[in-house]
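> next come a sequence and a model predicted from it.
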Amino acid sequence: MNMIKKTISIAISVLLLFGIICSNTSFSDCLIPMVSAILDNESYPLYYEINNGQVIIKSCDSGASGVLVIPDTLNGYPVTEIKSYAFGYNHKLTKIVIPNSVRVIGSSAFSGCPGLTEINIPDGITAIESGTFSGCTSLKNLVLPKSIKTIGSSAFNNSGLTSFTIPNSVTSISDGTFSGCASLTNINIHGNITSIGNKAFYGCTSLASLTIPNSITNLGDYAFSGCIGLANLTIPNSVTSIGSGTFSGCTGLKKVTLNDTCPYIPTSMFENCTSLKSIYISSKVQSIYTSAFKDCSSLTDVYYGGKNKSDISIGGSNDYLLIANWHYGSKRPSDTQNNPGTQNNPGTKDNPSNPENPDDPIETTVSYRSTVHIKINVPSLKLPSGYKIALYENSKPVAKGNNKEVKYDAKNLTATRTFDVKFFDNNGNVINQYGSFGLDASLRINVKDGFFDRFIAFFQGIFGTLPNYNWTMEY
C-alpha cells in the first residue's frame, strides 16, 4: 500500500512540475516532436511545433546532408512556416524542397549553408527576410515568385549568385541585400524600384553591367562601393538623394554622367576610383563634399554645365578634381551617348599602343584572405602560334599561357602583390612591342588588412565564405 502511495505521489509531483513549466504556453508548444524527413533515402529528424493547427519547422538535425524534402503535412497539420535559422549553418545539405503549403520563411533560415546549390521558393511567400540566404556560397541561381513583395537586409549577402531578377512587386532594395556577392555579373533592376539601400551591392566585384532606372530616387551609402567591374555609369534625373561613398573603390570606373537634379556630390562618392577619366557635373550642383574625388588619379576632364568651378563649394581632399581640365557650359550627354548597360572589365587597356602611364600598374583592392582569378587575354592582337603570354612575380614566372591568354589564381591574399605581364616570341625572347601595340603591363593587388578586415576574414574562413574576385585584362 505504501509503495502505491509513493508511486502516486511521484506521478503527481511530475505533473505539477510539468504544469509549472508549461504554465505560460500551450501544451503542444511545450513539446518538440520529431519527424523523419525524406533525405536521400536516409532519415534525419526535423524538429517542429504545432501552433493553432499549423506546423512550424524549428530546426533540422545537424547530420542532415544531400537532398532534403520537407513534407507538406505533419501529424495531419499543414506545414506553414520555417523558423529563423531553422537550417542555418548546415554545411552538408545540397538541395531543399519546400512544400507549397509554406507561407512564411524566417530570417536567416538558410544562412551559412555553403553546400546548398538548389532551393525553391513557393508561390504565396510574400517576403524574403533578412539574411535568409546569407553565406550560401554555392547558390548560383534563384527564381523568386511574383508573390514576393519585400526582400530584407543582407538577404543574399556573400552568396554565390551569378545573376538575379528582382520581382516587379518589389519596390526597394534593402541594406546589404547583395553585398559581397563576388560572382554576381548581372542584376535586373526594374522600373518599380524607388530606393537602393546602404551597401546593397557592396563588393560585387564581378558586376559588369548596371542600368539605374528612372524610377530610382535614393541611392544609399556605399551602395555600389567596390564594384570594380563597372566602367561607365549614368545617374538618372529621378535620383534626388545620394549617400556617402556610393561608388567608392570602383577602380574600373572610367566615365560618369551625373544627373541635373541632385544639388550636391556627397562625401567619398567616387573616392579611390583610380581609373575615372571624365565626369559630367550639372550646373545645379552647389557643393562637392570632402573626398568626393579623393585618389581619382586618372581624372583628366570635367564637363561642367556652369560657367566657373568657383561657383561650386568644393571640400578638401579633391585635388585631382581641381587640377583636371574643366570644360564650361557643357551639356549633359544623352542616354544614347552613355549606354550604362555596356561595361568593361577592370584593367582593360583601351589604347595599348599609347598608354597614358605605361610605368604605372593597373591596380585594384580586395578583401583580406580573398582569392583573385586573374585572366589576361589578347583578342585584338592575334599573336602567331608559338607566341606565349606569361605572368611574373618578383622576376619569377607564376603562370604560363598560350598565344591567346594566361590565367592565374592569387589565393589567400594577405598583402599587396604585383605581377608583370610578359610576352614571348617563338624563340622564347621577351617582346615589348607587337606591331603598333605596346605590351608592357603590371598588375597590383592591394589588400585591406586592418583589424576589422582580419576579423571578418577569420569568420569567413570558418564558414567557407572567403571572397573570390574575377579580374580580366584585355589587349
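Nice, I can see it.
> from here on, contacts and neighbour counts on C-alpha atoms
OK.
> which residue is nearest the centroid of this structure?
Among the residues of the chain, the one closest to the centroid is Cys181, at 2.6 Å (Cα atoms, centre = their mean).
> quick one: the strands in the stretch 1-150 of the chain?
Secondary structure of the stretch 1-150 of the chain (DSSP state E, counting those that start in this stretch): strands at 34-39, 42-51, 54-60, 66-69, 73-74, 77-82, 93-97, 104-105, 118-119, 127-128, 150-151.
> my error: substitute the stretch 251-400 of the chain in the last question.
Remark: strands of the stretch 251-400 of the chain, listed N- to C-terminal, are 255-257, 264-265, 278-281, 287-288, 301-304, 313-314, 325-328, 362-366, 370-377, 388-393, 396-400; assignment by DSSP E, counting those that start in this stretch.
> how about stretch 318-334: buried residues?
Residues of stretch 318-334 classed as buried under the neighbour-count rule (16 or more other Cα atoms under 10 Å) are 318-321, 324, 326-328, 330, 332.
> what's the most distant pair in those?
By the measure Cα to Cα, those have their two most distant members at Asp319 and Arg332, which lie 23.6 Å apart.
> run through the stretch 251-400 of the chain and note the low-pLDDT ranges.
Counting by pLDDT under 70, the low-confidence segments of the stretch 251-400 of the chain come to 334-361, 379-381.
> helices of this protein, start to end?
Using DSSP state H, the helices assigned to the chain run over residues 2-21, 319-323, 451-463.
> hang on, the earlier thing: so what's the residue nearest to the centre of the chain up against?
Under the criterion of Cα atoms under 8 Å, 6 or more residues apart in numbering, the contact partners of Cys181 comprise 156-161, 201, 203-205.
> one more: Ser275?
Taking Cα under 8 Å, 6+ apart as the contact definition, Ser275 lies against 251-254, 296-299.
> any idea how far Met473 is from Gly106?
Distance check for Met473 against Gly106: by Cα to Cα, to the nearest Å, it reads 42 Å.
> count of residues packed around the closest residue to Asn188 other than its chain neighbours?
The shortest distance from Asn188 to any residue other than its chain neighbours is 5.0 Å, reached at Thr165 (Cα to Cα, 6 or more residues apart in numbering). Applying other Cα atoms under 10 Å, we find 14 other residues in the vicinity of Thr165.
> wait, Thr165 touches Ile173, no?
No. Using Cα atoms under 8 Å, Thr165 and Ile173 do not qualify as a contacting pair, with a distance of 12.0 Å.
> quickly list what's touching both of the two.
Any residue near both Thr165 and Ile173 by Cα under 8 Å, 6+ apart counts here, and not one turns up.
> residue contacts, the closest residue in space to Arg417 that isn't next to it in sequence?
In space, not counting the residues next to it along the chain, Arg417 is nearest to Ile445; the distance is 5.3 Å by Cα to Cα, 6+ apart. By Cα under 8 Å, 6+ apart, Ile445 lies in contact with 363-366, 416-418.
> of those residues, buried ones?
Neighbour-count burial (16+ other Cα under 10 Å) is assigned, among these, to 363-366.
> from Val170, how far off is Ser159?
Applying Cα to Cα to Ser159 and Val170 gives a distance of 20 Å.
> domains in the protein, by residue range?
What automatic domain parsing lists as the domains of the chain is 27-157, 162-346, 362-474.
> circling back: reformat the strands of the stretch 251-400 of the chain as JSON lines; add distance to Pro467.
Listed next are these as JSON lines, based on distance: least, Cα to Cα, whole Å:
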{"stretch": "strand 255-257", "distance to Pro467": "27"}
{"stretch": "strand 264-265", "distance to Pro467": "30"}
{"stretch": "strand 278-281", "distance to Pro467": "30"}
{"stretch": "strand 287-288", "distance to Pro467": "33"}
{"stretch": "strand 301-304", "distance to Pro467": "34"}
{"stretch": "strand 313-314", "distance to Pro467": "36"}
{"stretch": "strand 325-328", "distance to Pro467": "38"}
{"stretch": "strand 362-366", "distance to Pro467": "9"}
{"stretch": "strand 370-377", "distance to Pro467": "5"}
{"stretch": "strand 388-393", "distance to Pro467": "22"}
{"stretch": "strand 396-400", "distance to Pro467": "22"}
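> closest to Cys227 out of these?
Shortest distance between Cys227 and those, using Cα to Cα, is found for strand 362-366: 10.4 Å.
> give me the distance from that closest one to the chain's centre.
When C-alpha coordinates are averaged (Cα atoms, centre = their mean, to the nearest Å), strand 362-366 and its chain have centres 17 Å apart.
> pairing partners for it, with directions?
Sheet pairing for strand 362-366, assigned by DSSP bridges, gives strand 441-447 (parallel).
> circling back: how much space between the residue nearest to Arg417 and Phe419?
The gap separating Ile445 from Phe419 is 8 Å, by Cα to Cα.
> and for Leu68?
Separation of Leu68 from Phe419 (Cα to Cα) stands at 45 Å.
> swap in Tyr368?
For Tyr368, the distance to Phe419 - Cα to Cα - is 18 Å.
> swap in Phe156?
For Phe156, the distance to Phe419 (Cα to Cα) stands at 33 Å.
> mind checking which of these two has more residues around it?
Neighbour count, other Cα under 10 Å: between Phe156 and Phe419, Phe156 has more, with 30 against 21.
> state the pLDDT value of Ser9.
Each residue has a pLDDT score; the one for Ser9 is 53.
> who touches the nearest residue to Leu161 once chain neighbours are set aside in this structure?
Distances taken as Cα to Cα, 6+ apart put Lys140 closest to Leu161, at 4.1 Å, once the chain neighbours are dropped. Residues in contact with Lys140, defined by Cα under 8 Å, 6+ apart, are 117, 159-163.
> is it true that Leu144 touches Ile119?
No. Between Leu144 and Ile119 there is no contact under Cα under 8 Å: 10.4 Å.
> rewinding a little: which of the domains of the chain sits most buried?
Ranked by mean neighbour count, those are led by domain 162-346 with a mean of 21 (mean count of other Cα atoms under 10 Å).
> name the nearest residue to Pro263, sequence neighbours excluded.
Val285 (4.1 Å).
> relative to Asn412, how far out is the one you found?
When distance is defined by Cα to Cα, Val285 is 43 Å away from Asn412.
> do Ser244 as well
In this structure, Ser244 lies at 30 Å from Asn412, with Cα to Cα as the measure.
> quick one: stretch 65-82 to chain centroid distance?
On the basis of Cα atoms, centre = their mean, the separation between the geometric centre of stretch 65-82 and that of its chain is 31 Å.
> and it, how far apart are its ends?
Where stretch 65-82 begins and where it ends lie 18 Å apart, using Cα to Cα.
> average pLDDT across that stretch?
For stretch 65-82, the per-residue pLDDT values average out at 94.
> need the contact partners of that stretch.
Stretch 65-82 is contacted from outside by 35, 37-40, 50, 53-58, 91-106, 109, using Cα under 8 Å, 6+ apart.
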